[in-house]
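A.B. asks: Coordinates only, no sequence provided:
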């Protein structure tokens, strides 16, 4: 499945993948070839921030 383009849908998709695979953001990005800095910057523009303690994106 391709990652959604909408930032809110994208954050929920990544959160689902993080939880399903018991990963943190860096592990997920390595596994999928995603740039973690670019992903956080893209979602950050919509007010969505990654919480490393809870290991999920939140608004």
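C.D. replies: Arrived safely, thanks for sending. Keep in mind the model is a prediction, meaning the values are calculated, not measured. Numbers count the residues shown, from 1 in each chain.
A.B. asks: ok, which stretches of this protein are helices?
C.D. replies: Using DSSP state H, the helices found in the chain span residues 7-20, 25-32, 36-44.
A.B. asks: Pick the most buried one from the ones you listed.
C.D. replies: Comparing the helices of the chain by mean neighbour count (mean count of other Cβ atoms under 10 Å), helix 7-20 ranks first with a mean of 16. Backbone N, C-alpha and C define where each C-beta goes, glycine included.
A.B. asks: quick one, it and helix 36-44 angle?
C.D. replies: Using axes from the mean of the first three to the mean of the last three Cα atoms, to 10 degrees, the direction of helix 7-20 lies 130 degrees away from that of helix 36-44.
A.B. asks: which residues touch helix 7-20?
C.D. replies: 3-4, 23-25, 28, 32, 39, 42-43, 45-46, 48, 55-57, 59 (Cβ atoms under 8 Å, 6 or more residues apart in numbering).
A.B. asks: what do you get for stretch 46-59?
C.D. replies: For stretch 46-59, the surrounding residues in contact (Cβ under 8 Å, 6+ apart) are 7-8, 11-12, 14-15, 18-19, 23-25, 40, 43.
A.B. asks: Export those as a markdown table, with columns for pLDDT.
C.D. replies: Listed next are these as a markdown table, based on pLDDT from 0 to 100:
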| residue | pLDDT |
| --- | --- |
| 7 | 96 |
| 8 | 97 |
| 11 | 97 |
| 12 | 97 |
| 14 | 97 |
| 15 | 98 |
| 18 | 97 |
| 19 | 97 |
| 23 | 96 |
| 24 | 97 |
| 25 | 97 |
| 40 | 98 |
| 43 | 97 |
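A.B. asks: who touches the nearest residue to residue 39 once chain neighbours are set aside in this structure?
C.D. replies: Spatially, and ignoring its direct neighbours in sequence, residue 39 is nearest to residue 29 (6.8 Å; Cβ to Cβ, 6 or more residues apart in numbering). By Cβ under 8 Å, 6+ apart, the residues touching residue 29 are 35, 36, 39.
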